[in-house]
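1. Here's a sequence, model it:
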Amino acid sequence: MNDDVEVIAICDVEAPTERVHQALTDPEIVGEWLESEVPGIGPVERTLVEASPERVRYALRSDDGERVVESEVTFTLTPTPSGGTRVRLVHAGFLVGPSEPVAMRRAA
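-> Down below sits the predicted model:
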């Protein structure tokens with residue numbers, strides 16, 4: 001993984017923290033928050049790694065058969081005084097490399 005690169009975004013959402021958490025963890029809604037395809041590679045496979053009330057973390061993976069892109073995205077949720085939610089997104093741990101046959105990955 002390349003730990004040197006992080007993309008950080010912070011925004012305030014006019015919705016309670018519980019509702020934002022639901023949007024980030026509901027499989028039917030989360031695609032609106034997270035990229036569903038890596039340009040030039042293909043669809044993104046999302047694996048929910050952590051889902052506490054204050055933090056949601058996903059492992060992301062895209063593989064076109066020739067190269068693979070892996071990373072992690074973490075959302076930190078903090079209630080705001082107005083009843084909304086401050087969302088801090090950190091997208092990090094980028095790994096880009098050649099794709100391996102599925103059997104090779106599972107054996108490793």
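
2. for the helix or strand V73 falls within, what is the average pLDDT?
-> Remark: V73 resides in strand 67-79, with elements defined by DSSP states H and E. On average, the pLDDT along strand 67-79 is 91.

3. Return the distance of it from the chain's centre.
-> Averaging C-alpha positions (CA atoms, centre = their mean, to the nearest Å) puts strand 67-79 3 Å from its chain's average.

4. Now tell me what touches it from outside.
-> 1, 16-17, 20-21, 24, 34, 38, 41, 49-50, 53-63, 85-100 (CB atoms under 8 Å, 6 or more residues apart in numbering). Where you see a C-beta, it was placed from the backbone N, CA and C, and this is true even at glycine.

5. and if you look at stretch 84-101?
-> Identification of contacts with stretch 84-101 by CB under 8 Å, 6+ apart yields 1-3, 5-17, 19-20, 63-80.

6. shaky segments in this protein?
-> 1-4, 33, 35, 38, 40-41, 96, 98-108 (pLDDT under 70).

7. For it, which segments are assigned as strands?
-> Using DSSP state E, the strands of the chain run over residues 2-13, 37-38, 42-43, 45-51, 55-63, 67-79, 85-98.

8. For ChimeraX, write the select line for the buried members of the contacts of stretch 84-101.
-> The following ChimeraX line selects those of these that are buried, judged by 16 or more other CB atoms under 10 Å:
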select :17,20,63,68,69,70,71,72,73,74,75,77
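
9. picking that back up, what would the strands of the chain look like in JSON lines with distance to E28?
-> Output for these, formatted as JSON lines (distance: least, CB to CB, whole Å):
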{"stretch": "strand 2-13", "distance to E28": "18"}
{"stretch": "strand 37-38", "distance to E28": "17"}
{"stretch": "strand 42-43", "distance to E28": "16"}
{"stretch": "strand 45-51", "distance to E28": "12"}
{"stretch": "strand 55-63", "distance to E28": "15"}
{"stretch": "strand 67-79", "distance to E28": "17"}
{"stretch": "strand 85-98", "distance to E28": "19"}
